[in-house]
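[1] The following block contains a protein sequence and its predicted model.
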Amino acid sequence: MAKGTLEFERPIIELEQKIEEMRKYADNLDIADEIGTLEKKVDQLRESIFTNLTRWQRVQLARHPDRPYTLDYVGMIMKDFVELHGDRRYADDKAVVGGFASLEGRTVMLIGQQKGRDTKSNLYRNFGMMNPEGYRKALRLMQLAARFGKPVITFLDTPGAYPGIGAEERGQAEAIARNLFEMSHLPVPIVATIIGEGASGGALGIGIGDRILMMENAWYSVIAPESCSSILWRSWDYKEQAAEALKLTAQDLVEQGIVDRVIAEPIGGAHRNPQKAASILKDVLIEEIDGLAKITPDKLIKKRIEKFSKMGAWKE
Amino acid sequence: MPWFRRSKQNIIAEGPKKEIPDGLWTKCNGCGEIIHRKQLEQNFFVCPKCQTHFRIGSKEYFEILLDRGSFKEMDKKMRSADPLDFKDTKPYSDRIKDTIKKTGLNDAVRTGTAAIDNHPVVIACMDFGFIGGSMGSVVGEKIARAIDKARKTERPLIIISSSGGARMMEAALSLMQLAKTSAKLAQLSDSGVPFFSILTDPTTGGVTASYAMLGDINIAEPGALIGFAGPRVIKQTIGKDLPKGFQRSEFLLEKGFVDMIVHRREMRSTLSRLLHLFQN
């Protein structure tokens, strides 16, 4: 079984392997019909599994080690990406990347959380967990974009802000709070997309926008299901129940009035066909950026603040 | 086999320490001093011996800070709607009902207009006793409305925080309250109305990562735990013991994240002085 195969994908992979074997050993035999039927069966199986995913299964897809990350998408949908480094105060945080790029001729500021794919790159990227200097780098780049009237695109994909001694010493909470504050009245369009894991304040720290988009198999919540389980159930074993209770999928967040639009993924998840996932994402981003381009900065800010002011549910 | 063995029980019995009942006498968590309730009240709920600041609720704080009879509460009846129909070991709606009954509060913050030394203000104070002072939709909305009130009436805003962070039972909706309150504060700041943030023990998580850290002036009570991640989580992540005094007010002052540490006894006069300076 290939590395990174999820439990619920197993029946599909097994059937696919069977077809592969049949092809290999059946050069002379005329079993094309049989293979055709099996292929149809695989498609049906995939369809039925992936249209009925549980919330926990989506969390697993969002964390799939082959899932495209920020820099993968940048490579597939943008041109002339010029990465910019550092917060000009302390350091360059590698858990977040940012810089100017061209999206079909439009210059945009792209900022995204970046995970690694193996141990070495994960250590380099700190598993996509930002430190205060990361939030400050992101803010510096957004304000740079604002000075030159360029729209900002952010990609959210983090298991959380880094909980370390240095992070606290350098004001993790202040850095996130400052970003929420400054992004609220940034005078250029901001489109934020949750592409993988949207874990709490660490993700939200670059997640304020005029439009909030979310990929079909991403998750976004106040806490990861495992941590929620450990706190509320006092055990790590209730992550499935916690994921259900948190209602953390893209569709859930649309229903809660938080996410504006779900971005479809190829069947089986973005990692099954990254090119296709990227091309869908690209079309949506162009449409959203163009839609916001006509709005004046004052109106943009006013509407953005109103948008977040409406979120929540209470009784009076 | 040891040669000698204690035949009687230890003098100091191990096992859970006895809690002193909520009566006339209170034991100080800092130094163990037994203090009479009256004496504690007169001393602003601060231990007279070691100056440990006891956790207090909005009722006590308003009495300490505000001009007598000046407080007019806003949105008093607002309650959680349990939007996600959340259930862990207990349904969230039951948890809310029980906590309302137990505390006599409707949620973890109270807001209103008031006066301090005749200076009109808008004030909010969190109650840690209500589900750990956690911020869900109600806290976010009440804070947002208090900010709006301050902006529209041009009264300085004071928020006293004590919170474990965002409320898990409202999931992403709780998270969005960080965004909502910070966006409202950006608006307040743009219209030139000052905001004083008072951080008390403990202020962590989502509240620190939004309004508590965004004061034009940040004031901490002595010895308060203030941070983003809780100490337990950090210890678990790095696998080492945390340095002494880590994430306490004095540490934050040293690192440059609060303007001053003010003893509860001096809080009212400090605010009065600041309000006066901003006004003239």
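    Happy to help now that I have it.
[2] Give me the distance between A:Pro11 and chain B.
    A:Pro11 sits at a distance of 31 Å from chain B (criterion: CB to the nearest CB, to the nearest Å). In short, each C-beta sits where N, CA and C put it, glycine included.
[3] what's the neighbour count on that residue?
    A:Pro11 sits with 13 neighbouring residues when counted by other CB atoms under 10 Å in any protein chain shown.
[4] What residue, apart from its backbone neighbours, is nearest it spatially?
    What sits nearest to A:Pro11 in space, not counting adjacent residues and going by CB to CB, 6 or more residues apart in numbering or on different chains, is A:Leu45, at 6.1 Å.
[5] Hmm, that neighbour is touching A:Ile13, no?
    No - counting by CB atoms under 8 Å, A:Leu45 sits too far from A:Ile13 to count as a contact (10.4 Å).
[6] for chain A, which residue is closest to the average position?
    Nearest to the mean C-alpha position of chain A, by CA atoms, centre = their mean, lies A:Ile195 at 1.7 Å.
[7] Strands of the stretch 101-250 of chain B, start to end?
    Along the stretch 101-250 of chain B, the stretches classed as strands by DSSP state E, counting those that start in this stretch are B:109-116, B:119-126, B:157-163, B:195-204, B:217-220, B:226-227.
[8] which secondary structure elements does the third one contact?
    Packed against strand B:157-163 by the contact rule (3 or more CB pairs under 8 Å, 6 or more residues apart in numbering or on different chains; DSSP states H and E) you find helix B:58-65, strand B:119-126, helix B:137-153, strand B:195-204.
[9] wait, does the longest one contact chain A?
    Translated: helix B:137-153. Yes - in terms of CB under 8 Å from any CB of the partner chain, part of helix B:137-153 sits within range of chain A, namely B:137-138, B:140-141, B:144.
[10] What is the burial count for A:Lys315?
    A:Lys315 is flanked by 12 other residues according to other CB under 10 Å.
[11] One more: B:Lys180?
    Neighbour number of B:Lys180 under other CB under 10 Å is 27.
[12] Likewise for B:Cys28?
    18.
[13] what's the domain layout of chain B?
    According to automatic domain parsing, chain B is divided into the following domains: B:22-54, B:55-279.
[14] Check these for me and report the most buried one.
    Using mean count of other CB atoms under 10 Å in any protein chain shown, the stretch among those with the greatest mean number of neighbours is domain B:55-279 (a mean of 21).
[15] That one spans what distance, first to last residue?
    For domain B:55-279, the first-to-last residue distance is 31 Å (CA to CA, to the nearest Å).
[16] now that domain, how far from the chain's geometric center?
    6 Å (CA atoms, centre = their mean, to the nearest Å).
[17] got the contact list for the nearest residue to A:Lys303 once chain neighbours are set aside?
    Spatially, and ignoring its direct neighbours in sequence, A:Lys303 is nearest to A:Asp210 (6.9 Å; CB to CB, 6+ apart). With contacts taken as CB atoms under 8 Å, 6 or more residues apart in numbering or on different chains, A:Asp210 has the following neighbours: A:189-191, A:292, A:295, A:300, A:303-304, A:307.
[18] and those, which two are the farthest apart?
    Greatest spatial distance among the contacts of A:Asp210 (CB to CB): A:Val191 and A:Lys303, at 13.6 Å.
[19] Comparing these two, which residue is more hemmed in?
    Residue environment comparison for A:Val191 versus A:Lys303 gives the larger neighbour count to A:Val191, 24 against 12, counting by other CB under 10 Å.
[20] right, and the more buried one touches A:Gly291 too?
    No - no contact is recorded between A:Val191 and A:Gly291 when judged using CB under 8 Å, the distance being 9.4 Å.
[21] any shared contact partners between these two?
    Contact criterion CB under 8 Å, 6+ apart; residues bridging A:Val191 and A:Gly291 by contacting each: A:Arg211.
[22] pLDDT of stretch A:292-302, averaged?
    Per-residue confidence for stretch A:292-302 averages out to 97 on the pLDDT scale.
[23] low-confidence ranges in the chain?
    In the absence of a named chain, this looks at chain A. With pLDDT under 70 as the threshold, chain A has low-confidence stretches at A:1-3, A:26-29.
[24] that's the other chain; I wanted chain B
    In the predicted model, chain B carries pLDDT under 70 at residues B:1-2, B:9-22.
[25] Let me see the contact set for the most centrally placed residue in it.
    What sits nearest the mean C-alpha location of chain B, by CA atoms, centre = their mean, is B:Ser162, with 1.5 Å. For B:Ser162, the residues meeting the contact criterion (CB under 8 Å, 6+ apart) are B:55, B:126-128, B:133, B:200-203.
[26] quick one on the thing from earlier: compare the strands of the stretch 101-250 of chain B and give me the one nearest A:Ile19.
    Comparing the strands of the stretch 101-250 of chain B by their distance to A:Ile19 (CB to CB), the top pick is strand B:195-204, with 53.7 Å.
[27] Which other helices and strands does that closest one contact?
    Applying 3+ CB pairs under 8 Å, 6+ apart, we find strand B:195-204 packed against strand B:157-163, helix B:171-190, strand B:217-220, strand B:226-227, helix B:264-279.
[28] Dump it to CSV, keeping only the CA atoms.
    Backbone C-alpha positions of strand B:195-204 (Å, rounded to 0.1, in the frame of the first residue of the first chain) are rendered in CSV as follows:
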residue,chain,number,x,y,z
PHE,B,195,-9.0,52.2,24.8
PHE,B,196,-7.5,51.0,28.0
SER,B,197,-7.0,47.2,28.4
ILE,B,198,-6.6,45.8,31.9
LEU,B,199,-5.3,42.3,32.0
THR,B,200,-5.9,40.2,35.1
ASP,B,201,-5.2,36.6,36.2
PRO,B,202,-5.5,34.7,33.9
THR,B,203,-5.7,36.2,30.4
THR,B,204,-4.8,33.6,27.7
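[29] May I have stretch A:252-259 as CSV, with CA atoms only?
    The C-alpha coordinates for stretch A:252-259 follow below in CSV (Å, rounded to 0.1, in the frame of the first residue of the first chain):
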residue,chain,number,x,y,z
ASP,A,252,-20.4,23.6,7.8
LEU,A,253,-18.7,27.0,7.8
VAL,A,254,-20.8,28.2,4.9
GLU,A,255,-23.8,27.3,6.9
GLN,A,256,-22.4,29.2,9.9
GLY,A,257,-22.0,32.3,7.7
ILE,A,258,-18.2,32.4,8.0
VAL,A,259,-17.1,31.1,4.6
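[30] quick revisit: I'd like to know how far the residue nearest to the centre of chain A sits from A:Ala32.
    Distance from A:Ile195 to A:Ala32, counting by CB to CB, to the nearest Å: 40 Å.
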